[in-house]
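Asks: curious how this folds, go ahead:
(chains A and B)
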Amino acid sequence: MDSFARLLHLSPPLAWMALKLLIVIGGVMGIAAVLTWVERRGAAMMQDRIGPNRAGVKGITLLGLVQLAADGIKFFLKEDVVPPHGNRLLFTLAPALAFVPAMLGFAVIPFGQSFSSGGQAYHLSLLDPGNGMGMLYPLAIGSMAVYGILVASWSSNNKWAILGGMRSGANMVSYELGMSLAVISIFMAAGNSPVGSPVTLEAYDPHRIVEAQEGLWFAVRQPLGFLVFFTCMFAETNRLPFDFAEGESEIVAGFHTEYSSMKFALLQLSEYIHIVTASALLVTLYLGGWRIPFVPNPGVLLSVAAFLAKLLFLCWVFVWVRWTIPRFRYDQLMFLGWKVMLPLSMANLLLQAWLMHGRGIA
Amino acid sequence: MGVIVKKVELGWLDRTYVWPVAKGMAITFGHFIRQLLTPTARRFTIQYPDMKREVAPGYRGLHELKRFEGGAIKCVACFMCAEACPARCITIEAEEFGDLNAHQGFEEKRPKVFRIDMLRCIYCGMCEEACPKDAIWLRNDYEVADYDRLSLNFGKWDLMNTYASADGKAVITQDPTPAVPRRTIAV
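Replies: Now for the predicted structure:
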């Protein structure tokens, strides 16, 4: 540990940043890749099947994990078809447009407890607290994700794709309202750092939000907001029961009907990265971030482990829900978004404001 | 004819949508855990090349031409099976052999050629029923596949040895007694 601390003091801040980048990008990509395996094996288990377990090198299948490599190789070897009447430039750009915002959202998430060493504070999030963007950044970037899908569907010049993109756009816009209102009540409850703390953090800073959950997690304090945000996250990630952009049974494969080869793989991977980012948001906002119940100061390693455990569990919940709940009808989706989620979210905001007023906070 | 449409009245708990979802999640979780904890051998899926299905008694699979303990074929080339076969997949050519002894059932006729075209066979079991000597059985092997048509034209020795390894019998490729030239009956 001592040698590690010395190394930390001697190396430039850039090296620390690079290390964090490596951890975050590698971690997110790794989890997303394994998530595809979890999804397939998990689905099989829930449906009393076995799932992919045949791919292997010399009989070593690692419970089917080798399937990931096989899929990757297969995607590289597939023909890359670009529809002749589509927009070639946008068609090529769309997977990146879907992939990058999904990845960017992770930049402000604190994935472990901050620690100080040699008189300097080190924060386990890519951007240090007090950057002025805080939690608004992943929300803003999250809204960008719809462009990936819209561009993919528009440039395909395909009826199914257009329908999927249209549905997805409507879906995301409707659910973002309820989601944002739920987050606002979190900001209200978190409040600015009290006077006298080492760093003054705005209420919308994720570090402050984790700090504020020292006693009770926000999921317990605002169950209604948690429910709304949780539901909206499924709409944001385009997962069942809100996977209108795809809707295999109705519009073939929706926005990625025309996609093949690595472009398709990237679209698919960006969906899984989206799940990881959404789970990270949920953990940070509602499940106490890196906090462990009844342990005030878990330390770096334990806190990262706790964050990872919560993150992985939520990722699994995404898979679990997918194989439980059937897809909504389109009008039901709109009904739920505008007439249930939005009013619920507003009610939550008012309730929290009223409760805070009752306690004499504001 | 009228159809009575049953209207389901949902309680308030079911109308929240949250409670039914929770019930559904519990069901899938139950299946997940149960399947996860079930050993592979007891799951519903039979993972074919590694595990094989136990066929029911009386299953009609690949044929076997039965033999006596000495290795002589039981078939007496009576052509009953070839006649009974609805798919016309059995070809028999008879021959005579001289030595009469107990092991060969005091017969003097046996097939020189006994061919079943496995691609034509419909596994109906009529040959088995027609056989007066119980010389042809349809047993439980169902893995009859090959890469070309010719190798599925099973001959006499193929058919006599189909279950040799399963029953622990010797693989034979020769009749114990030689054939004799066709006798002409002098009147």
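Asks: tell me where chain B has strands.
Replies: All strands of chain B, identified by DSSP state E, fall at B:63-65, B:90-97, B:109-117, B:136-138, B:153-154, B:179-180.
Asks: name the strands paired with the last one and say parallel or antiparallel.
Replies: In its sheet, strand B:179-180 lies beside strand B:90-97 (antiparallel), with partners assigned from DSSP bridges.
Asks: quick one: the strand it pairs with to chain centroid distance?
Replies: 24 Å (C-alpha atoms, centre = their mean, to the nearest Å).
Asks: and chain B, what are its domains?
Replies: Split into domains by automatic domain parsing, chain B comes to B:8-53, B:63-177.
Asks: which among the strands of chain B is found nearest to A:Trp354?
Replies: For A:Trp354, the closest of the strands of chain B is strand B:136-138, at 81.1 Å, according to C-beta to C-beta. (C-beta placed from N, C-alpha, C; glycine too.)
Asks: looking at chain A, which helix is longest?
Replies: For chain A, the longest helix by residue count, based on DSSP state H, is helix A:13-46.
Asks: just after that helix, pick out the following helix or strand.
Replies: Later in the chain than helix A:13-46, the nearest helix or strand by DSSP states H and E is helix A:66-77.
Asks: and that next one, which residues are buried?
Replies: Within helix A:66-77, the residues scored as buried using 16 or more other C-beta atoms under 10 Å in any protein chain shown are A:Val66, A:Gln67, A:Leu68, A:Asp71, A:Phe75.
Asks: now, which of the residues you listed sits nearest chain B?
Replies: A:Gln67 (15.2 Å; C-beta to the nearest C-beta).
Asks: I'd say that closest one and A:Ala55 touch.
Replies: Yes. In this structure, A:Gln67 is within contact of A:Ala55 by C-beta atoms under 8 Å, at 4.4 Å.
Asks: joint contacts of these two?
Replies: A:Thr61 (C-beta atoms under 8 Å, 6 or more residues apart in numbering or on different chains).
Asks: okay, now the unreliable bits of the chain?
Replies: You didn't pick a chain, so chain A it is. Residue ranges of chain A with pLDDT under 70: A:1, A:192-199, A:361-362.
Asks: that answer is for a different chain, and I need it for chain B
Replies: B:98-107, B:181-187.
Asks: which residue is nearest the centroid of it?
Replies: B:Gly61 (0.8 Å; C-alpha atoms, centre = their mean).
Asks: contact partners for that one?
Replies: B:Val55, B:Tyr123, B:Leu138, B:Arg139, B:Asn140, B:Asp141, B:Tyr142, B:Val144.
Asks: who wins on neighbours among those residues?
Replies: Using other C-beta atoms under 10 Å in any protein chain shown as the neighbour test, those are led by B:Leu138, with 20 neighbours.
Asks: residue contacts, that residue?
Replies: By C-beta under 8 Å, 6+ apart, the contact set of B:Leu138 is B:Tyr59, B:Arg60, B:Gly61, B:Leu62, B:His63, B:Tyr123, B:Gly125, B:Cys127, B:Glu128.
Asks: can you pull the phi/psi pair for the first one?
Replies: So the one you mean is B:Tyr59. phi -60, psi 140 (degrees, to the nearest 10).
Asks: next: the third one.
Replies: The phi and psi torsions at B:Gly61 (degrees, to the nearest 10) take the values phi -110, psi -140.
Asks: helix/strand/coil for whichever residue of the stretch 101-250 of chain A sits closest to chain B?
Replies: Ranked by C-beta to the nearest C-beta, the top residue of the stretch 101-250 of chain A for proximity to chain B is A:Leu227, at 7.2 Å. Under DSSP: H, G, I helix; E, B strand; the rest coil, A:Leu227 falls in the helix class.
Asks: you'd agree it is up against A:Ala347?
Replies: No. Using C-beta under 8 Å, A:Leu227 makes no contact with A:Ala347, being 11.4 Å away.
Asks: the two: who's more crowded?
Replies: Taking neighbours as other C-beta under 10 Å, A:Leu227 and A:Ala347 compare with A:Leu227 leading, 18 against 14.
Asks: roughly how far does that one sit from A:Gly247?
Replies: 25 Å (C-beta to C-beta, to the nearest Å).
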